[in-house]
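**Q** here you go, sequence then predicted model.
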Amino acid sequence: MSSDLDGDTTELSRPARRQAEIAAYVVEHGSVSANELVEAFGVSVMTVHRDLDELERQGVVRKYRGGVSAQPTSVFESNVAYRLNTAQAEKAALARHARAMIEPGMSVMLDDSTSALALIDLFEDITPLTVATNFLPAIGRLTELRDITLLALGGIYSPTHDSFGGVPCAQAVDALHTDLLFCSVSAVSPTHAFHQEQEIVLVKQAMLRSAHTKVLLADHGKLQRTALHRLAPLTDFDLVVVDEKTPADLVQALRDHGATVEVAPL
């Protein structure tokens, strides 16, 4: 009886393991065809589509005719796993540049962006700090640091973003006022910052209201793009930090529209 049950458990877990491997493959490649997945994993087209349906339900990927993508669109935000693996050098450069603004004893708010997450690796030598965030990976890292007072901002949990949001989170943010906010968005035009999801915009707008100095971290891949929901004019941020791969004409366009822009060296 015991061995039969063990065998059933193995059979049940096999699709989940394969789906995790498919998700990792799509995240690594950004966008792939269904036929490519059939060849890579040695399963039928029907099995691939079943797996992709489940991954899409979880918010990991987005299906389109003939394939699947982990990349963002104007209405679809990438899963956090994809965002954690993109533009890593650029995000590290933005974090190093932004770190100079932080002094021991300050209160700092971080949104649920992977750009802001990169700052945490630089906190160790500028403690004590009070840090507020709604991003679960950030909360996990901050619990490992000494002399950090952590304010974990709760709300409605989103597996796609691995963060808390919605009205409860926005209300928690509104109850605070921090010295600094470091945040990012999925798209930046010469005049505005954008995001695909209204629930995320709701929380980010509350964060903008709740910080004295507001810093937008934007790697060059986010520029000259828009998304469905407008978050705020770039002039609402005290500083916009871009990486040095940003073309000079784009930097000038941001400045021409009133934004204060600094370029972080890689």
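**A** Now that the structure is in, tell me what you want to look at.

**Q** residue 27 contacts residue 85, correct?
**A** Yes: using CB atoms under 8 Å, residue 27 is in contact with residue 85, at 6.1 Å. From N, CA and C alone the C-beta is placed, and that goes for glycine too.

**Q** neighbour count winner among those two?
**A** residue 27 (21 against 15; other CB atoms under 10 Å).

**Q** quick check: next helix or strand after the helix or strand hosting the more buried one?
**A** Assigned by DSSP states H and E, residue 27 belongs to helix 2-29. Remark: after helix 2-29, the chain's next helix or strand is strand 31-33, criterion DSSP H and E.

**Q** next, the buried residues of that following strand.
**A** For strand 31-33, burial by neighbour count (16 or more other CB atoms under 10 Å) applies to residue 32.

**Q** may I have the beta-bridge partners of residue 239?
**A** Residue 239 forms beta bridges with residue 215, as assigned by DSSP bridges.

**Q** that one and residue 41, how far apart?
**A** 46 Å (CB to CB, to the nearest Å).

**Q** kindly report the same for residue 125.
**A** Residue 125 is 45 Å from residue 41, by CB to CB.

**Q** ok, now residue 254?
**A** Taking CB to CB, one finds residue 254 at 44 Å from residue 41.

**Q** out of those two, which sits in the more crowded spot?
**A** residue 254 (21 against 15).

**Q** which secondary structure elements does the host helix or strand of that one sit against?
**A** Using DSSP H and E, the element containing residue 254 is helix 248-256. With contacts defined as 3 or more CB pairs under 8 Å, 6 or more residues apart in numbering; DSSP states H and E, helix 248-256 has these neighbours: strand 239-243, strand 261-264.

**Q** contacting residues around the last one?
**A** Outside of strand 261-264, the residues within contact range by CB atoms under 8 Å, 6 or more residues apart in numbering are 93-94, 96-98, 239-244, 246, 251, 254-255.

**Q** so which bits of that strand are buried?
**A** Buried, per 16+ other CB under 10 Å, within strand 261-264: 261, 263, 264.

**Q** quick one: the first one and residue 187, what's the gap?
**A** Distance, residue 261 to residue 187, by CB to CB: 17 Å.

**Q** again with residue 17
**A** 34 Å.

**Q** how about residue 85?
**A** From residue 85 to residue 187 the distance is 19 Å (CB to CB).

**Q** find the residue at the geometric middle of the protein.
**A** Computing the C-alpha centroid of the chain and ranking residues by CA atoms, centre = their mean puts residue 113 first, at 3.4 Å.

**Q** that one contacts residue 181, correct?
**A** No: applying CB under 8 Å as the test, residue 113 and residue 181 come out as separate, 11.1 Å apart.

**Q** what sits in contact with each of those two?
**A** Joint contacts of residue 113 and residue 181 (CB under 8 Å, 6+ apart) do not exist.
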